[in-house]
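*Asks:* sequence first, predicted coordinates after that:
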Amino acid sequence: MARHQKFSWTAVASPAQHIAVKNGVGAAERLEVDSVLAKELGENGFRSTRRTKIICTIGPTSCSEEMLETLAVNGMNLARLNMCHGTREWHHEIISRIRRLNQDKGFSVAIMLDTEGSEVHTSALDQPIKAEVGEEYVLTIRDPSSVGAMAIGVSYDAFVDDVEVGDSVVVDGGMVSLEVESKMGPDVHCRVVDPGIILSRANLTFRRDGAVIRARNSMLPVLSSKDWLDIDFAIRERVDFIAVSFVKSADVIKNLKSYLNSRADKVIEVIAKVESHDSVPNIAEIVEASDAVMVARGDLGAQIPLEDVPSVQKEVVVRCRQLGRPVIVASHLLQSMIEYPTPTRAEVADISDVVRQRADALMLSGESAVGAYPDKAVNVLRAVATRIEEWVRQEKHGQIVLPQLANVPDGRVSEELCASASTMANNLGARAIFVYTRRGYMANFLSRCRPDCPVFAFTDQQDVRQRLNLRWGVMPFRLDFAPDPEENVDRTFRLLKRRDLVQPGDLVVVVSDIRPDSSDASVVRSVQIRRVPA
Ligand SMILES: Nc1ncnc2c1ncn2[C@@H]1O[C@H](COP(=O)(O)OP(=O)(O)O)[C@@H](O)[C@H]1O
Ligand SMILES: C=C(OP(=O)(O)O)C(=O)O
Ligand SMILES: [K+]
Ligand SMILES: [Mg+2]
């Protein structure tokens, strides 16, 4: 079947080449696009190029230069570094590798640093522990090597006060469960009830009568002193996004954003992770305060009843779209692929559900960090996303009413311009929407409309280009802007034709609000319907 071939689970892109285009006319005429995206656009056509973005957590099985390159070629748009694991030196080395690949191979993989947060976890283990039913383990706040062979360290001293005999200790949201049998000073003796594997630095939650115990645990700061050091590291490394773990309310996001404003010499967007029990009642204010949001289902499923996770996911996705905040759905999308080269049918259905909800991005955790098949997992995400997006377009799924956002005239104009451009593009069957954007603001508005055709966003800022990688349907290009907006459109047509990315006669909707000079008074905002000239 032709369709089967088109969406086969093998890489669409062969090793990428550097494709920054230089026009012979002048060095200023330069258009840069991710080499993998250019290839996807060329091979699949605009309509069938993937809109949902892919994020990979980088860990031991994905950190080699070869595997990072393969992941980028297969479709990784963002790399996530989880500060729960690895040293700053290790993370620095990975960031350097990604930047080098971007430079040498023409990728534009963006970088997200994810804070450790106030989670309670086990100490680092040399080897995962296979916990069998009935075995006794000692959870201790002392050095475990001084306690005995069955001792496991715990990162949070007050846990010995928080738990009582009879409580459950749940490892990584249910990988293993133990019951507290006795407490002895700094040691808590537990017996395994549900067997499984305890990984290094595994997350721990404590339950009494089925409910999460939040005693002192909930008093921990969302950002610890170690997290602030990691944030300073993120600033030094000039990452694109910082994801904040276990956010409870909007305060921490506001605080971090003002810190970044005063300390960082570039924009670093703040992603709130919805995974704490306490975040659920505050979702509205958290979405409002954040640049983007992640539904971190791994911990969320340990903190609230599992059967409540899908409705929280849906609520966060819809709210984010309404407010124009990118939203990521993370964890367990392809959990079985940590060990096996093909996914379960249920996993494919879960990914399909996320794509139908029109979330901005899908995120791999263990599948890419420690799994045996990181590259194959990305292939599955890409193939399923692409196929389901096509289906969503045909069936007109996922249409939601978008409320008015801006309350100042200037913002209202931008918003209306984008909504109209999107409707026109859909009604006319345009090949693409072109948007010229300095801060990414207009591209974001267009993405929020989820138009049927891709949004080609042209920006003169490299870091805006990187951040747009997280936005649904946005294909970011870096272009040196001419002073005249009309010249920019002509320049784009010229450069895209040269790369065979558009053909004469193609219909495109062009949105522009670039100011010819820096005075606001002279802003020219327009939507035009254009055919690519011969
Ligand atoms: N930088 C790293 N170094 C070593 N192991 C890592 C790293 N990042 C992730 N991992 C491993 O991958 C697993 C899944 O990653 P992730 O979901 O980010 O973390 P966690 O499960 O701790 O929340 C982790 O349990 C850990 O074993
Ligand atoms: C993405 C998540 O966070 P982390 O992997 O940092 O625990 C999660 O809990 O689903
Ligand atoms: K984390
Ligand atoms: Mg988590």
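*Replies:* Good, I have the coordinates. Numbering: from 1, shown residues only. Ligands and ions are numbered 1, 2, ... in the order given.
*Asks:* residue of the stretch 401-534 of the chain with the smallest distance to ligand 4?
*Replies:* Leu470 (18.5 Å; Cβ to the ion). Where you see a C-beta, it was placed from the backbone N, CA and C, and this is true even at glycine.
*Asks:* do you know how far the nearest residue to that residue once chain neighbours are set aside is from Val532?
*Replies:* Leaving aside its sequence neighbours, Leu470 sits nearest to Pro326 (Cβ to Cβ, 6 or more residues apart in numbering; 4.7 Å). For Pro326, the distance to Val532 equals 29 Å [Cβ to Cβ, to the nearest Å].
*Asks:* which one's more surrounded, the two?
*Replies:* Pro326 (28 against 19; other Cβ atoms under 10 Å).
*Asks:* that one contacts Ala361, doesn't it?
*Replies:* Yes. Applying Cβ atoms under 8 Å, one finds Pro326 in contact with Ala361, separated by 6.9 Å.
*Asks:* need the overlap of contacts for the two.
*Replies:* The contact sets of Pro326 and Ala361 overlap at Leu470, Trp472 (Cβ atoms under 8 Å, 6 or more residues apart in numbering).
*Asks:* list the residues that contact the residue of the stretch 401-534 of the chain closest to ligand 4.
*Replies:* Lys53, Asn77, Leu78, Ala110, Phe241, Glu269, Ala292, Pro326, Ile328, Asp360, Ala361.
*Asks:* in CSV, list those residues along with pLDDT and secondary structure.
*Replies:* Putting the contacts of Leu470 into CSV (pLDDT from 0 to 100; DSSP: H, G, I helix; E, B strand; the rest coil) gives the following:
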residue, pLDDT, secondary structure
Lys53, 98, strand
Asn77, 98, coil
Leu78, 98, strand
Ala110, 98, strand
Phe241, 98, strand
Glu269, 98, strand
Ala292, 98, strand
Pro326, 98, coil
Ile328, 98, strand
Asp360, 98, coil
Ala361, 98, strand
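*Asks:* quick one: which of these is nearest to Ser249?
*Replies:* Checking those against Ser249 with Cβ to Cβ, the nearest one is Ala292 at 17.1 Å.
*Asks:* okay, and the beta partners of the closest one?
*Replies:* Ile271 (DSSP bridges).
*Asks:* that one: neighbour count?
*Replies:* Ala292: 22 neighbours (other Cβ under 10 Å).
*Asks:* quick check, pLDDT for Ser118.
*Replies:* Ser118 is assigned 78 on the pLDDT scale.
*Asks:* let me fix that: Tyr156
*Replies:* Tyr156 is given a pLDDT of 87.
*Asks:* next: Ala20.
*Replies:* 41.
*Asks:* which element, helix or strand, includes the residue nearest to Val170 when sequence neighbours are not counted?
*Replies:* Nearest residue to Val170, sequence neighbours excluded (Cβ to Cβ, 6+ apart): Thr205, at 4.8 Å. According to DSSP states H and E, Thr205 maps onto strand 204-208.
*Asks:* that strand vs ligand 1: in contact?
*Replies:* No. Strand 204-208 does not reach ligand 1 (Cβ under 6 Å from any ligand atom); its nearest approach is 11.1 Å.
*Asks:* what sits up against the helix or strand following that strand?
*Replies:* Following strand 204-208 in sequence order, the next helix or strand is strand 211-212 (DSSP H and E). Applying Cβ under 8 Å, 6+ apart, the contact partners of strand 211-212 are Thr205, Phe206, His277, Ala302, Gln303, Ile304.
*Asks:* sorry, back to before: give the contact list for the residue nearest to Val170.
*Replies:* Contacts of Thr205 (Cβ under 8 Å, 6+ apart): Val120, Val169, Val170, Gly173, Val212, Ala302, Gln303.
*Asks:* and it, how far is that from ligand 2?
*Replies:* According to Cβ to the nearest ligand atom, to the nearest Å, Thr205 stands 11 Å off from ligand 2.
*Asks:* got the phi and psi for the residue of the stretch 151-300 of the chain found nearest ligand 3?
*Replies:* Across the stretch 151-300 of the chain, the shortest distance to ligand 3 (Cβ to the ion) belongs to Ser245, at 4.3 Å. Note on Ser245: backbone dihedrals following degrees, to the nearest 10 are phi -80, psi 150.
*Asks:* local confidence estimate at Lys314?
*Replies:* For Lys314, the model assigns a pLDDT of 97.
*Asks:* does ligand 2 sit close to stretch 54-69?
*Replies:* No. Judged by Cβ under 6 Å from any ligand atom, stretch 54-69 stays clear of ligand 2, getting no closer than 7.0 Å.
*Asks:* could I get the CA-only coordinates of that stretch as CSV?
*Replies:* The C-alpha trace of stretch 54-69 is given here as CSV (Å, rounded to 0.1, in the frame of the first residue of the first chain):
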residue,chain,number,x,y,z
ILE,A,54,9.6,15.7,19.1
ILE,A,55,11.7,16.0,22.3
CYS,A,56,14.2,13.4,23.4
THR,A,57,15.7,13.0,26.9
ILE,A,58,19.4,12.4,26.5
GLY,A,59,21.0,9.8,28.7
PRO,A,60,23.6,7.0,28.5
THR,A,61,22.2,5.3,25.4
SER,A,62,21.7,8.5,23.4
CYS,A,63,24.6,10.7,24.3
SER,A,64,27.2,9.6,21.7
GLU,A,65,27.8,11.9,18.8
GLU,A,66,26.6,9.2,16.4
MET,A,67,23.3,8.6,18.3
LEU,A,68,22.6,12.3,18.7
GLU,A,69,23.1,12.8,15.0
